[in-house]
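Undergrad: Sequence plus predicted model, see below.
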Amino acid sequence: MHISAIVPVYNELDSLSQLHEELTSALSQSGPYEIIYIDDGCDDGSSAKLKEIADHDSSVKMISFFRNYGKAAALAAGFEAARGDVVVTLDSDLQDDPAEIPEMISMLEEGWDLVSGWKKVRHDPLSKRIPSKIYNAVVRLFTGVPVHDSNCGLKVYRAEVAKSVEVYGGLHRYIPALAKYKGFRVTEKVVQHRPRQFGKTKYGLARYFHGLLDLFTVLFLGRYFQRPLHFFGFVGLLILFGGIVVSIYLTVNWFLGVPIGNRPLFFLGILLIIVGIQFFSLGLLAELFVQQRHRDQRLVKEVYPAEQEAPQP
């Protein structure tokens, strides 16, 4: 079993030496490994430090970005470059404890495809812990994935999970949900969360707002990507029904002698009918794209036992 550890780095110079020492110690307990550091546009000297580490450790590879693109882009680059059977991700601020990795890897042998860390006891300010609890509760409610800390950086994946989950924008927060929607088995493990030793957090409260917007993307991709008409058609039919009800009401009033030509409700009814038809039509067009995608996509992994060729006469 070969392990690929992916570590996004953004201005964590003071943490890197200790992180690398702890990470190599933990990974060496589980077999051969590689470490991929993603330099996400560092400007504090972290880049030079990573190059120094790579020069002294042949198991280390560094990928550098032109500028800071964010954690999702860093993970996507790491997933693409990873060659291991098992992929490990963790943050570079030393708050994730690499000593948890061997036990998380062993959980994959129990049949799980992704093991996500759960920082049950967090050493963060109250102003960060409370919004995080609310945010994770909302994510569990809407996604149906019983993971208490979906945004924890410490995760262990089978390689096929890392290669098949597409992360961009802020979707790295929802990797457990994305993996679950693809049919992989997801669980979590309580892990140690350590106080920050150096620097300061790179994220503010705005990330929760952005995260909620990304949640709608995840829900759509997970529940309606294969059947977009179920979403657009349902919304369209609701709007269309509202427009029809308004139109019937106005029609009855017209027969009773009540003028309707200058009433705002008349224009609202027409608008609802038009928008409802447009939503339904959009769903039909999306279905056509999905059908074409299925024709072009290879879905079958293998056939076992393999089919035998017919004997030549």
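TA: Cool, got the structure.

Undergrad: Pull up the gap between K71 and H210, please.
TA: Distance of K71 to H210, computed by CB to CB, to the nearest Å: 12 Å. No exception for glycine: its C-beta is placed from N, CA and C like everyone else's.

Undergrad: higher neighbour count, those two?
TA: Comparing K71 with H210 by other CB atoms under 10 Å, the one with more neighbours is K71, at 22 against 13.

Undergrad: which intervals of the protein have sub-threshold pLDDT?
TA: Residue ranges of the chain with pLDDT under 70: 199, 201-209, 221-222, 224-226, 290-313.

Undergrad: buried stuff in the lengthiest helix in it?
TA: Ranked by residue count under DSSP state H, the longest helix found in the chain is helix 264-296. Buried residues in helix 264-296, counted by 16 or more other CB atoms under 10 Å: 266, 269, 272-273, 275-276, 279-280, 282-283, 286-287, 290.

Undergrad: how about the strands in this protein?
TA: Ranges of strands within the chain are 3-9, 33-39, 60-64, 86-89, 114-118, 155-158, 186-190, based on DSSP state E.

Undergrad: what's next to stretch 31-39, contact-wise?
TA: Here stretch 31-39 makes contact (CB atoms under 8 Å, 6 or more residues apart in numbering) with 1-9, 20, 23-24, 27, 46-47, 50, 53-54, 57, 59-65, 74-75, 77-78, 81-84, 92.

Undergrad: Show the buried residues in these.
TA: For the contacts of stretch 31-39, buried by 16+ other CB under 10 Å: 3-9, 20, 23-24, 27, 46-47, 50, 53-54, 60-63, 65, 74-75, 77-78, 82, 84, 92.

Undergrad: number of nearby residues for E80?
TA: When neighbours are defined as other CB under 10 Å, E80 has 11 of them.

Undergrad: Please report how far it lies from V87.
TA: E80 is 11 Å from V87, by CB to CB.

Undergrad: D57 now?
TA: 19 Å.

Undergrad: repeat for I277
TA: Taking CB to CB, one finds I277 at 46 Å from V87.

Undergrad: What of L213?
TA: Taking CB to CB, one finds L213 at 27 Å from V87.

Undergrad: neighbour count winner among the two?
TA: For L213 versus V87, the count of surrounding residues by other CB under 10 Å is larger for V87: 25 against 10.

Undergrad: For beta bridges, what are the partners of the more buried one?
TA: V87 has these beta-bridge partners by DSSP bridges: S4, Y157.

Undergrad: May I see the buried residues of helix 264-296 organised as a markdown table, with distance to R129 added?
TA: Formatted as a markdown table, these follow (distance: CB to CB, whole Å):
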| residue | distance to R129 |
| --- | --- |
| F266 | 53 |
| G269 | 49 |
| L272 | 44 |
| I273 | 49 |
| V275 | 42 |
| G276 | 44 |
| F279 | 40 |
| F280 | 44 |
| L282 | 41 |
| G283 | 41 |
| A286 | 40 |
| E287 | 44 |
| V290 | 41 |
